[in-house]
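In: My questions concern the predicted model and sequence given below.
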Amino acid sequence: MNLSLTSTVTLNNGVKMPQLGLGVWKSDNQTASQSVQWALKHGYRAIDTAKQYGNEAGVGTGLKQGLEANQLQRSDVFLTTKIFNGDAGYQSTLDAFDDQLQRLQTDYVDLVIIHWPVTGKYLDTWRALEQLYRDGKTRAIGVSNFDIERLRDLLEHTSIKPVLNQMEFNPLEQETDIKNYCDENQIILEAWSPLGHGETLHNPQIKRLATKYQKTPAQLILRWELQRGVITIPKSTHEQYIQENADLYDFEIEAADMRLINSLDLDQRTIWYGNFQWNGNPDGFGDTIDQWKN
């Protein structure tokens, strides 16, 4: 399997998206700005943020400075952001998105996705994304945290298919049913929490295989995800780890070891609330279930 840091996945609308990128969840504006600049310096060409993260302005600044420092064009970087749960709905999404573009200091993003499927509103939110797509404010549209029921509902009631579904995905949570459904419908799976909030790094089998391939556990896991055809966006705020997380292309995991890692699946999500509804809290879904109601 011939992969490199410039490897892309072709989305169902023909747009090419880098398979590896930088995530900036739980980073403040200053930290996000610096992380983006380091990532671009070390060859990353995809950045993932969200209004919920509160760091779009930092990402915008980091992107602008990183482009200048590395003599890149805006078109060289694939930028993703997400629709905030409190902005769900048709007109509210359109209105809020213009402010997001201003914070990001760009007139378009490469991908905008629905962050969470807010009950009773996600179809209207999706129609707004379709309008943003038609207006050229985004090159692609997708979703995040959609189970099969909601994906099926979306496909049945809207005119443009999502290009991807961003889900928690790592060796201990492989979302097998959702990934199979996405594969059947030409929807790419993208991994958030690709390292399982650090839990997977201490798995004995992962540590043993990392030693075998002379890589860190994180590098082994990220390489496994790339070989599974999953887009992955590891987050780090340290230049050393940002660089290490991209050092994935001088080895290939053997088929037997791929099967071994596949067998570690516990189907154990870290954040998942089932049939949730947005309760109006301006802090988004936050870190606790208290901000959601069933």
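Out: Now that the structure is in, tell me what you want to look at.
In: so where's the stretch 151-294 of the chain uncertain?
Out: 270-294 (pLDDT under 70).
In: Show me where it has its strands.
Out: Ranges of strands in the stretch 151-294 of the chain, per DSSP state E, counting those that start in this stretch, are 164-168, 188-192, 231-232, 277-278, 292-293.
In: most packed of these?
Out: Stretch with highest mean neighbour count among the strands of the stretch 151-294 of the chain: strand 231-232 (a mean of 26; mean count of other Cβ atoms under 10 Å). Placement of C-beta: from N, CA and C, glycine included.
In: gap between the two ends of stretch 210-219?
Out: 8 Å (Cα to Cα, to the nearest Å).
In: when you give positions from now on, start the count at 569
Out: In the new count, where the first residue is 569, that last one comes out as stretch 778-787.
In: Any chance you could list what contacts that stretch?
Out: Stretch 778-787 is contacted from outside by 763, 768-771, 774-775, 788, 791, 802, 809, 812-813, 815-816, 819, 821, 825, using Cβ atoms under 8 Å, 6 or more residues apart in numbering.
In: 6 Å instead, please
Out: For stretch 778-787, contacts defined as Cβ atoms under 6 Å, 6 or more residues apart in numbering pick out 763, 769, 774-775, 788, 816, 819.
In: neighbours around the residue lying closest to residue 676 once chain neighbours are set aside, how many?
Out: Spatially, and ignoring its direct neighbours in sequence, residue 676 is nearest to residue 705 (5.3 Å; Cβ to Cβ, 6 or more residues apart in numbering). By other Cβ atoms under 10 Å, 19 other residues sit near residue 705.
In: Then residue 717?
Out: Count around residue 717 with other Cβ under 10 Å applied: 10.
In: circling back: between the contacts of stretch 778-787, which is closest to residue 655?
Out: Among these, residue 763 lies closest to residue 655 (Cβ to Cβ), at 29.1 Å.
In: Would you mind listing the residues in contact with that closest one?
Out: 786, 789.
In: how much space between it and residue 829?
Out: Residue 763 sits 13 Å away from residue 829, going by Cβ to Cβ, to the nearest Å.
In: same thing with residue 589?
Out: In terms of Cβ to Cβ, residue 589 sits 21 Å off from residue 829.
In: repeat for residue 597
Out: From residue 597 across to residue 829, the span is 36 Å (Cβ to Cβ).
In: neighbour-wise, which of these two wins?
Out: Between residue 597 and residue 829, counted using other Cβ under 10 Å, residue 829 has the larger neighbour count: 24 against 19.
In: Just the CA coordinates for stretch 726-734, please, in CSV.
Out: Extracted in CSV, the C-alpha atoms of stretch 726-734 (Å, rounded to 0.1, in the frame of the first residue of the first chain):
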residue,chain,number,x,y,z
THR,A,726,-32.3,15.4,1.0
SER,A,727,-30.8,15.8,-2.4
ILE,A,728,-27.1,15.8,-1.8
LYS,A,729,-25.3,12.8,-0.2
PRO,A,730,-22.8,13.6,2.6
VAL,A,731,-19.2,13.0,1.6
LEU,A,732,-18.2,11.7,5.0
ASN,A,733,-19.4,10.8,8.6
GLN,A,734,-17.0,11.8,11.3
